[in-house]
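when you get a sec, could you give me coordinates for this:
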Amino acid sequence: MNVDLADEEHFVQSDQLCARCRGTKNLCGRERCPVVVKYYHRMDSKSMVDDKDISGSSPPGVFVGRYGYPKVDVGPLVPPFHGDTTELDMPELWVGKDIDDIVENRTQLVRGKHSIRVDKFDERDKIVDLTQQMALSKDPAEVEAFFKKKPGGKIQVSDSVQPYGPSGPLDGLDLGTIKFDNRLDKAFFDTDLKATNAVLNMYDKDVYLSKIQRAFSVGAFGMEENRKFVPTRWSITAVDDTIGKNLREEIKDYRPIDEYRVYETWELDNRWEILMLPRTWIYELVEAWYPETAWNPYGDDIAIISSHERYEGRSDYAEIGGCFYAARLAIAEKLSREKRQAGAVILRETHPGYIMPVGVWNVREHVRDALKREPKTFDSLKDALFHLSTRLEIKIDTWKKYSEVLRDSLFQTRLSDFVIEDGNKEDDDMEEKDFEFGDDRHWN
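Got it, this is the predicted structure:
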């Protein structure tokens, strides 16, 4: 049943600053994001650190900040205990956990901060070297972190990166014996290999995305003269975008799917409905943020925001930010495995149970999870949309209003509309320019 709140008059386009900004663009003009500040004040870090020194097993985890770029803080993420901590920094294993579990696990990680200039890579010191080594480790690393003062502060939250606990400036760092991941280590020592090729090689060798992103952030890839530290937030999106683009171009050589499909999953009070269409590549993510959710905390209206790309991709950064590229990667992976192509629209309803942002992994891993399930299949877009209307609270007419791809698929003239059953064109004088895409491609 569609709720009253989902009626069209409850949707606004002008009051979407939080959904568009997500604490990164300062669109409201304030020096600090009020939403993030609210989380900092509401959730104090646990008093886990009794002194200035911490000994523990890092997952391994490292963090590269972005404030003050090109001078940033880098360092390890270390819990004050030993054991198998792999799961603490591997989002691929978090599907099915609730927010409390995720926050409980992540806030055990204490962040060490050491200031460097990303463009002075050759001037790195011992702390920087050991942080880089940790990023290439296959297993949890035994770490002793010595802080200039007792780590403190609030839980750090972001729409792009996973939360973590207290932090403090480092005075020193010691590292136990490291067992390197041979795949990452080989790329690290290949200083003639471009960073893009290194990322794609690691992905082809089944290295976890989180490990690739971690290595990318500490400058482990690329031509020797071009290597630099990359803020964690940026490295996550860069890896998602690089692999997603490569897969997108691959699947363009395959023929489209034969039916309309709907995949779904509901996690962390997010409803994910994924519609695949039997057409050449086009992709869109549409997000609806209910009041009292992470990026719509103030108003009474549902804020809807969308980003899309057509067959040739897009040249500007997506309005939605990193979530767009994370979800696109998941879609492209699915089609690559099937050796097919399709159009795709992801409809995301974020309900009030999603009380705080937990990172872009939430989008990538839950879309991946949905695409592992058996889809509902339909012969027509009309039937697929009717099914979606029974799964979402927001009315389909409202989704159409905000979705470029749905409107295009419903109303745009395409070549298939002029093809009769025997395969001949209805009008031989039709020119290819009348259609969105030329259909002279030979699909495998």
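
what segments of the stretch 201-350 of the chain are strands?
In the stretch 201-350 of the chain, the strands defined using DSSP state E, counting those that start in this stretch lie at 260-267, 270-277, 282-289, 302-309, 343-350.

those into JSON lines, with extra columns for distance to D84?
Using the backbone N, CA and C atoms, a C-beta is placed for each residue, glycine as well. Below are the strands of the stretch 201-350 of the chain laid out as JSON lines (distance: least, Cβ to Cβ, whole Å):
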{"stretch": "strand 260-267", "distance to D84": "25"}
{"stretch": "strand 270-277", "distance to D84": "29"}
{"stretch": "strand 282-289", "distance to D84": "35"}
{"stretch": "strand 302-309", "distance to D84": "38"}
{"stretch": "strand 343-350", "distance to D84": "33"}
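
now do E142: how many residues are near it, please.
As a burial measure, E142 scores 17 neighbours (other Cβ atoms under 10 Å).

the stretch 101-250 of the chain: helices as residue ranges?
Under the criterion DSSP state H, counting those that start in this stretch, helices of the stretch 101-250 of the chain are mapped to 126-135, 182-189, 195-204, 209-217, 232-251.

tell me the most buried of those?
Each of the helices of the stretch 101-250 of the chain was scored by mean neighbour count; the highest is helix 209-217, a mean of 25, by mean count of other Cβ atoms under 10 Å.

helices or strands next to that helix in the packing?
On a contact count with 3 or more Cβ pairs under 8 Å, 6 or more residues apart in numbering; DSSP states H and E, helix 209-217 meets strand 61-64, helix 126-135, helix 182-189, helix 195-204, helix 232-251.

return the distance of it from the chain's centre.
With Cα atoms, centre = their mean, to the nearest Å as the basis, helix 209-217 stands 13 Å off its chain's centre.

low-confidence stretches in the stretch 101-250 of the chain?
For the stretch 101-250 of the chain, residues meeting the criterion pLDDT under 70 lie at 154-160.

E144 is in contact with D53, correct?
Yes - applying Cβ atoms under 8 Å, one finds D53 in contact with E144, separated by 6.9 Å.

if we can go back for a sec, would you list the strands of the stretch 201-350 of the chain in TSV and tack on mean pLDDT and distance to T377?
Below are the strands of the stretch 201-350 of the chain laid out as TSV (pLDDT from 0 to 100; distance: least, Cβ to Cβ, whole Å):
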stretch	mean pLDDT	distance to T377
strand 260-267	97	5
strand 270-277	97	10
strand 282-289	96	19
strand 302-309	95	23
strand 343-350	97	15
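
with distance to E404 and mean neighbour count as added columns, please give these in a markdown table.
Listed next are those as a markdown table, based on distance: least, Cβ to Cβ, whole Å; neighbours: other Cβ atoms under 10 Å:
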| stretch | distance to E404 | mean neighbour count |
| --- | --- | --- |
| strand 260-267 | 18 | 19 |
| strand 270-277 | 13 | 22 |
| strand 282-289 | 6 | 25 |
| strand 302-309 | 5 | 22 |
| strand 343-350 | 9 | 25 |
